[in-house]
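Asker: Build me a model:
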Amino acid sequence: MAVHPWIHRVGRLAGAAVLALTGALAAAGPAHADFGTDYHDPFTAAQPLTRPDTRSCTVEVMHDQPFRDGYGSPPDTPFSGSVTPPADCAGPWSKVVLDLHGSVAGRQFDRLFTVRVGGVQVLLSSTPEPSKDGIEWSLERDVTRYAPLFAAGPQPFAFDLANVTNETYTGVFRISASLTFYTASARWPAAHTADRLLTTGPFGLSQAAPAATRELTFPPNLERLTAEVYARGGGACEEFAYASAPEEFARANPGTGACGKGPFRELRLSVDGRVVGAVWPYPVIYTGGWDPLLWRPTPGIFAFDLPAYRVDLTPYVGLLVDGRPHQVGITVNAAEARGNDLWTGQLNLFAETDHGATRTTGGLTEYRVAPEAALGTGLADHGGGSGDWTVTAARHDVARGWVQTSHGRVTTEVRDDLVFGSTQRFRDNGNDLTLRNRTDATRTTATWGSGPRRTTTVHEGQPLDVDYRYTTDAAGNTDQRTTMDLGYHREATTATGARVTDRATVDHTLRPTAHRHDGDATVRTGGSTEDYRSTGPDGPYHRTVTTVDGWPVG
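Answerer: Model prediction:
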């Protein structure tokens, strides 16, 4: 039988306990010999960070720390340390960068990990799957927006990576971490950041508990508020939620192993029980997803730096400045509340205050935010483990509120127009599968009342195409072919009045392929082409990289 992509996740989360599975098992687990004993260190075409040329100071917070057993007694995770900005590079800073460097050799699954500073999550990432000879990789992360934490003095640093090693899975991740603080100058002014950070702490959303809430008290002179959501689906189904079948099909065809509840997921934010925004997670595919050959050496988009989704909550500020605690919550959409597995993450809140007043006041003047995205499903069940379906979702929300500040009455309007569509052709119990997903999201924030009207519009497109085919002939020869087309497209504009003052774009595409054949011959081949283009304050950037069988070419 074909081993579907979600089976690999079962193995990783359960400590690789499903290795007795037969068929195309090599595609489902980490096989370090797929391209021989080694492949090129992971790399990407994505634009590197632009770093200031000002005086800087680097603080190492973790050095070559091994992660062997996150489930031992005691576990070796999380690593706990502390970080203190050096006096030679005191804030305010123009930029703060987190750098990670890792190495691993042998055989190992990809693993998720988190980084927290002062209890606030600042990174959600995953590791590559290694070669026998070993690989190294690096990651840089702009953490400037968390500057209020560092400015407050020494902070605890926590790095959580739950690995499993045994006689089969031998790869030990060794990781170093440092923070670099860049001072400000006339050319590189101090970054504008929030005045205070609040967090709900880690959350876990399951069928039994699909919502998580925490009481938070906001500054009485609050002026602007932005939420940031780290989130990822875990378990055998939710990591691959974007490829799930409608529940009706999954129940009628249990032999396919298809996960139900459909391909659409929504994380909704609430304040005091009122829905105030929604996040539609990007379909991140890790380096063991579907077929590891797809991602050697180029990881999937966002696989090493999962998105932190941002939602502007400023229209609700007037409801939060009464000095009382307020219930801040997050929950998954209704289908998932009845569904499988787990969503985990953390919700951070960035509070900007009025420096000229001890208190602000305000109100919510317009509220048209749907309690749930509008969802539609069209299903044709052909019987025998075959079917076709289309799933759509949409929300069109508006919230407007005002805040009376020391510099006048400021009104903020937030509009969200989000559209999702998924079509899937599912044949031969999932051995012949075609998936086409599209997400288009436009978020617009307009502010007026203290100066000219200022409008920021961010449009994001998230296409995902998958073609998967697994066959077995009469002689028992097996053949598996996987082709993908991933994309992330973003355009952000800022206008003052009718004049556009800033524009930045990103166009990122990745097209990997993999082919496995066993029986009369053994084939292990794969390759990818990645293209990254961007415009904006850091200047135009363009790079294309092509790889074949684990190595760059051209």
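Asker: tell me which residues in stretch 106-119 are buried?
Answerer: Using 16 or more other C-beta atoms under 10 Å as the test for burial, stretch 106-119 gives 106-118. C-beta coordinates here come from the backbone N, C-alpha and C atoms, glycine included.
Asker: Nearest the geometric middle of the protein, what residue?
Answerer: Centroid-nearest residue in the chain, with C-alpha atoms, centre = their mean: residue 306, separated by 2.9 Å.
Asker: for it, helix, strand, or coil?
Answerer: Under the three-state scheme (DSSP: H, G, I helix; E, B strand; the rest coil), residue 306 adopts coil.
Asker: Residue 49 touches residue 138, doesn't it?
Answerer: No - with contact defined as C-beta atoms under 8 Å, residue 49 and residue 138 do not form a contacting pair (11.5 Å).
Asker: Contact partners for the residue nearest to the centre of the chain?
Answerer: Neighbouring residues of residue 306 by C-beta atoms under 8 Å, 6 or more residues apart in numbering: 124, 125, 126, 230, 232, 282, 284.
Asker: now the first one, nearest residue through space, not along the chain?
Answerer: Counting by C-beta to C-beta, 6 or more residues apart in numbering, residue 306 is the residue found nearest to residue 124 once chain neighbours are left out, at 4.2 Å.
Asker: how far away is the one you found from residue 94?
Answerer: 25 Å (C-beta to C-beta, to the nearest Å).
Asker: I'd like the distance from stretch 517-530 to the chain centre, please.
Answerer: Distance of stretch 517-530 from its chain centroid, counting by C-alpha atoms, centre = their mean, to the nearest Å, is 29 Å.
Asker: Please point out which parts of it sit buried.
Answerer: 517, 518, 524, 526, 527, 528, 529, 530.
Asker: Need those residues in a markdown table (columns: secondary structure).
Answerer: Shown next, in a markdown table, are the buried residues of stretch 517-530 (three-state DSSP):
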| residue | secondary structure |
| --- | --- |
| 517 | strand |
| 518 | strand |
| 524 | strand |
| 526 | strand |
| 527 | strand |
| 528 | strand |
| 529 | strand |
| 530 | strand |
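Asker: among the residues you listed, which two are most distant?
Answerer: The span of the buried residues of stretch 517-530, defined through C-beta to C-beta, is set by 518 and 530 at 28.3 Å.
Asker: quick one: buried residues of the helix or strand where residue 121 lies?
Answerer: Taking DSSP states H and E as the definition, residue 121 sits inside strand 120-126. Buried residues in strand 120-126, counted by 16+ other C-beta under 10 Å: 120, 121, 122, 123, 124, 125, 126.
Asker: Most widely separated two among those?
Answerer: For those, and using C-beta to C-beta, no pair is farther apart than 120 and 126, which are 20.0 Å apart.
Asker: so where is this protein shaky, pLDDT-wise?
Answerer: Where the chain drops to pLDDT under 70, the residues are 1-33, 338-339.
Asker: so where do the helices sit in it?
Answerer: 5-13, 25-28, 147-151, 235-238, 247-252, 334-337 (DSSP state H).
Asker: Partner strands of the strand holding residue 121 and their direction?
Answerer: When pairing is defined by DSSP bridges, strand 120-126 lines up against strand 112-117 (antiparallel).
Asker: Show residues contacting the partner strand.
Answerer: Contacts of strand 112-117 (C-beta under 8 Å, 6+ apart): 83, 98, 121-127, 143, 146, 149-150, 155-162, 177, 230, 232, 234, 286, 346.
Asker: In terms of distance to residue 470, which of the contacts of residue 306 ranks first?
Answerer: Once C-beta to C-beta is applied, the member of these that ends up nearest residue 470 is residue 284, at 23.4 Å.
Asker: Please determine how far that closest one is located from residue 50.
Answerer: 24 Å.
Asker: Please say which of these two ends up with more neighbours.
Answerer: residue 284 (22 against 13; other C-beta atoms under 10 Å).
Asker: sorry, back to before: just put the buried residues of stretch 106-119 in a markdown table and tack on distance to residue 398.
Answerer: What follows is those, written out as a markdown table (distance: C-beta to C-beta, whole Å):
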| residue | distance to residue 398 |
| --- | --- |
| 106 | 53 |
| 107 | 52 |
| 108 | 48 |
| 109 | 44 |
| 110 | 40 |
| 111 | 41 |
| 112 | 35 |
| 113 | 38 |
| 114 | 34 |
| 115 | 35 |
| 116 | 34 |
| 117 | 35 |
| 118 | 35 |
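Asker: Which two of these have the greatest separation?
Answerer: Farthest pair in these, by C-beta to C-beta: 107 and 118, 36.1 Å.
Asker: for the stretch 301-450 of the chain, what spans make up the strands?
Answerer: All strands of the stretch 301-450 of the chain, identified by DSSP state E, counting those that start in this stretch, fall at 308-312, 326-332, 342-353, 361-368, 374-383, 386-405, 408-427, 432-448.
Asker: what about these, which gets the closest to residue 537?
Answerer: Closest among the strands of the stretch 301-450 of the chain, using C-beta to C-beta: strand 308-312, at 18.0 Å.
Asker: OK, contacts around the closest residue to residue 205 other than its chain neighbours?
Answerer: Once flanking residues are discounted, residue 205 sits nearest to residue 343: 4.3 Å by C-beta to C-beta, 6+ apart. Applying C-beta under 8 Å, 6+ apart to residue 343 gives the contacts 204, 205, 206, 231, 232, 233, 234, 238, 265, 267, 332, 336.
Asker: ok, residue 185 - contacts?
Answerer: With contact set as C-beta under 8 Å, 6+ apart, residue 185 has these partners: 52, 54, 94.
Asker: Could you save those residues as a markdown table and add columns showing distance to residue 210?
Answerer: Listed next are the contacts of residue 185 as a markdown table, based on distance: C-beta to C-beta, whole Å:
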| residue | distance to residue 210 |
| --- | --- |
| 52 | 44 |
| 54 | 47 |
| 94 | 42 |
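Asker: Looking at those residues, state which has the most neighbours.
Answerer: Neighbour max across those (other C-beta under 10 Å) = residue 94, 21 neighbours.
Asker: Could you find the closest non-adjacent residue to it?
Answerer: residue 188 (3.9 Å).
Asker: you'd agree the one you found is up against residue 53?
Answerer: Yes - Residue 188 is in contact with residue 53 according to C-beta under 8 Å; the separation is 7.3 Å.
Asker: More neighbours: which of the two?
Answerer: Neighbour comparison, residue 188 and residue 53: the larger count goes to residue 188, with 17 against 10 (by other C-beta under 10 Å).
Asker: ok, now which ones touch the more buried one?
Answerer: By C-beta under 8 Å, 6+ apart, the contact list for residue 188 reads 52, 53, 54, 94, 95, 182.
Asker: burial measure for residue 553, as a count.
Answerer: Neighbours of residue 553 (other C-beta under 10 Å): 9.
Asker: pretty sure residue 34 contacts residue 522?
Answerer: No - counting by C-beta under 8 Å, residue 34 does not reach residue 522; the two are 10.4 Å apart.
Asker: still on that earlier bit, please spell out the ChimeraX selection for the buried subset of the contacts of strand 112-117.
Answerer: The command below creates a ChimeraX selection of those among those that count as buried (16+ other C-beta under 10 Å):
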select :83,98,121,122,123,124,125,126,127,143,146,149,150,155,157,158,159,160,161,162,177,230,232,234,286,346
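Asker: quick one on the thing from earlier: kindly indicate which of the buried residues of stretch 517-530 lies nearest residue 441.
Answerer: The closest of the buried residues of stretch 517-530, once distances to residue 441 are taken by C-beta to C-beta, is residue 530, at 22.7 Å.
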